[in-house]
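Engineer: This is the structure alone, sequence omitted:
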Ligand SMILES: [Zn+2]
C-alpha cells in the first residue's frame, strides 16, 4: 500500500485551508486523460469532508503553488 503525502493548503472552493493529499496512480491517469497532458505529479486533491453523513469529500484539485490552476475548478469524481 502506497502512502500518499498530505499537506494543508487553501482550497479555492472550500475557501479555507484544508487537508490535501497527492493523487493515487488511478487518479493521475484519470486526470491525464481529462487534461490531455502527460505530467500531473504536481496536483493535490482536497480531502475536506463536505457531507459528514456520506463522507463525501471536496476533491477539488490544485497544484503545490497554484490555488486555481484552471479557469474553472476541476473536481475529480469520487471512486465507485
Ligand atoms: Zn476543498
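Structural biologist: Yes, it's here. In this text, all values refer to a predicted model and were calculated from it rather than measured experimentally.
Engineer: Now do the SS call for the nearest residue to residue 26 once chain neighbours are set aside.
Structural biologist: Leaving aside its sequence neighbours, residue 26 sits nearest to residue 79 (CB to CB, 6 or more residues apart in numbering; 7.8 Å). All C-beta atoms are positioned from the backbone trio N, CA, C, and that covers glycine. Assigned with DSSP: H, G, I helix; E, B strand; the rest coil, residue 79 falls in the coil class.
Engineer: ditto for residue 41
Structural biologist: Relying on three-state DSSP, one would call residue 41 coil.
Engineer: what's the answer for residue 17, then?
Structural biologist: strand.
Engineer: That one bridge partners, please.
Structural biologist: Beta bridges link residue 17 to residue 10, judged by DSSP bridges.
Engineer: Would you map the strands across this protein?
Structural biologist: 6-11, 16-22, 43-46, 49-51, 56-57, 61-63 (DSSP state E).
Engineer: what would the ones you listed look like in a markdown table with mean neighbour count?
Structural biologist: Shown next, in a markdown table, are the strands of the chain (neighbours: other CB atoms under 10 Å):
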| stretch | mean neighbour count |
| --- | --- |
| strand 6-11 | 14 |
| strand 16-22 | 16 |
| strand 43-46 | 22 |
| strand 49-51 | 12 |
| strand 56-57 | 16 |
| strand 61-63 | 22 |
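Engineer: Can you lay out the ones you listed as CSV showing distance to the ion and mean pLDDT?
Structural biologist: Formatted as CSV, the strands of the chain follow (distance: least, CB to the ion, whole Å; pLDDT from 0 to 100):
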stretch, distance to the ion, mean pLDDT
strand 6-11, 3, 97
strand 16-22, 5, 97
strand 43-46, 3, 98
strand 49-51, 8, 96
strand 56-57, 8, 96
strand 61-63, 9, 98
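Engineer: Could you save the ones you listed as TSV and add columns showing distance to residue 69?
Structural biologist: Formatted as TSV, the strands of the chain follow (distance: least, CB to CB, whole Å):
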stretch	distance to residue 69
strand 6-11	12
strand 16-22	13
strand 43-46	8
strand 49-51	20
strand 56-57	19
strand 61-63	5
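Engineer: Tell me the bridge partners for residue 63.
Structural biologist: Counting by DSSP bridges, the residues bridging with residue 63 are residue 43.
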